[in-house]
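*Asks:* Here is my input, please return the structure:
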Amino acid sequence: MLELLSWQRPEDDFIKLDIEGSSLGNPGRAGFEGLIHHREGLFVVGFTGFAGFGCKLLPELMALKKHGLLLAWERGYRRILCDSDSTDAIWLVTAGIDYEFHKFGALLVDIRDLLKRDWLVKLHHTYL
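*Replies:* Reported below is the predicted structural model:
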């Protein structure tokens, strides 16, 4: 169990992207944060932002797409291990469902399109 509650080093040629979204209430003021670091844990870049007024899922998805994946791509990283504590966000991104009527459908499609690029992104659930 201790392994699940501590920082896990990615495989040799991966960088780590840790993301977090939260809201003060459901719905409430929402924000996100994240950081990218090397395998040894060395900090590369971090980000924070305000996601408006909503539930926790929106800032989690914003952290993944707008700030995490795009930032990693722009910096030239092509093997990413992304940790998120949101099972809902991971499931929505990886499930083969149609997002036509989901309230975050456009954002989910954008994330899926990003994942189709010429790179390897592993999404991983973490408890932290």
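
*Asks:* mind checking how far the helix or strand where residue 16 lies is from the chain centre?
*Replies:* Using DSSP states H and E, residue 16 sits within strand 15-25. Its chain's C-alpha centre and that of strand 15-25 lie 7 Å apart, by CA atoms, centre = their mean, to the nearest Å.

*Asks:* would residue 60 count as being in a helix?
*Replies:* Yes: counting by DSSP: H, G, I helix; E, B strand; the rest coil, residue 60 is found in a helix.

*Asks:* residue contacts, the nearest residue to it once chain neighbours are set aside?
*Replies:* What sits nearest to residue 60 in space, not counting adjacent residues and going by CB to CB, 6 or more residues apart in numbering, is residue 21, at 3.3 Å. Where C-beta positions appear, they are placed from N, C-alpha and C, glycine not excepted. Residues in contact with residue 21 (CB atoms under 8 Å, 6 or more residues apart in numbering) are 30-32, 51, 56-63, 86, 89.

*Asks:* could you dump these to JSON lines with pLDDT?
*Replies:* Output for those, formatted as JSON lines (pLDDT from 0 to 100):
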{"residue": "30", "pLDDT": "95"}
{"residue": "31", "pLDDT": "95"}
{"residue": "32", "pLDDT": "95"}
{"residue": "51", "pLDDT": "92"}
{"residue": "56", "pLDDT": "90"}
{"residue": "57", "pLDDT": "93"}
{"residue": "58", "pLDDT": "94"}
{"residue": "59", "pLDDT": "95"}
{"residue": "60", "pLDDT": "95"}
{"residue": "61", "pLDDT": "96"}
{"residue": "62", "pLDDT": "95"}
{"residue": "63", "pLDDT": "96"}
{"residue": "86", "pLDDT": "94"}
{"residue": "89", "pLDDT": "94"}
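
*Asks:* Among those, find me the one that's closest to residue 79.
*Replies:* Nearest to residue 79 out of these is residue 63 (CB to CB; 19.4 Å).

*Asks:* For the contacts of residue 21, could you give me JSON lines that also reports neighbour count?
*Replies:* JSON lines is the format used below for those (neighbours: other CB atoms under 10 Å):
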{"residue": "30", "neighbour count": "24"}
{"residue": "31", "neighbour count": "17"}
{"residue": "32", "neighbour count": "25"}
{"residue": "51", "neighbour count": "22"}
{"residue": "56", "neighbour count": "23"}
{"residue": "57", "neighbour count": "20"}
{"residue": "58", "neighbour count": "21"}
{"residue": "59", "neighbour count": "26"}
{"residue": "60", "neighbour count": "28"}
{"residue": "61", "neighbour count": "25"}
{"residue": "62", "neighbour count": "25"}
{"residue": "63", "neighbour count": "29"}
{"residue": "86", "neighbour count": "22"}
{"residue": "89", "neighbour count": "25"}
